[in-house]
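1. Here is my input, please return the structure:
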Amino acid sequence: MDLIKEQKIVCEQYDSFYTESPSFLKVGISANIKDGIYPINGLRHPIEGDSTGWYIWAGDYSSDPNFFVPLHVEHLKDWCPQVIRFLGLAPGWRFLIAPNYEDVWKDISILDVD
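-> Predicted coordinates:
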């Protein structure tokens, strides 16, 4: 299925506006995402500069300043393809996935990044 179409279906399912995550923009992603650790979390801050606003991590969150590395959206297919379907969710949305589990919710508190 076309990825944008799949993203729009997810947005409709959870009543979110579709907001594109172009392949040339970046996400912040934890380096351990490739290790097969669950759950996988994602949250979307407002879009800024060359970033989609997405931060994606596996397992427990860390406040270590090196926890997230920048990655172009186009490379997610190699790093963590199972999150791509959620990338159309608008800023202010989160997801959590694990084997046989999916949760998606709106969290407006993540829109305030000051």
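
2. From now on I want contacts and neighbour counts done on CA atoms only, so please keep to that.
-> OK.

3. give me the low-pLDDT residue ranges for this protein?
-> Within the chain, the ranges that satisfy pLDDT under 70 run 1, 114.

4. tell me, which helix in it spans the most residues?
-> Using DSSP state H to define each element, the chain has its longest helix at helix 3-14.

5. quick one: buried residues of whichever helix or strand comes after it?
-> Using DSSP states H and E, the helix or strand that follows helix 3-14 in sequence is strand 26-30. Going by neighbour count (16 or more other CA atoms under 10 Å), the buried part of strand 26-30 is 26-30.

6. Turn these into JSON lines, including distance to residue 55.
-> Formatted as JSON lines, these follow (distance: CA to CA, whole Å):
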{"residue": "26", "distance to residue 55": "9"}
{"residue": "27", "distance to residue 55": "6"}
{"residue": "28", "distance to residue 55": "5"}
{"residue": "29", "distance to residue 55": "6"}
{"residue": "30", "distance to residue 55": "8"}
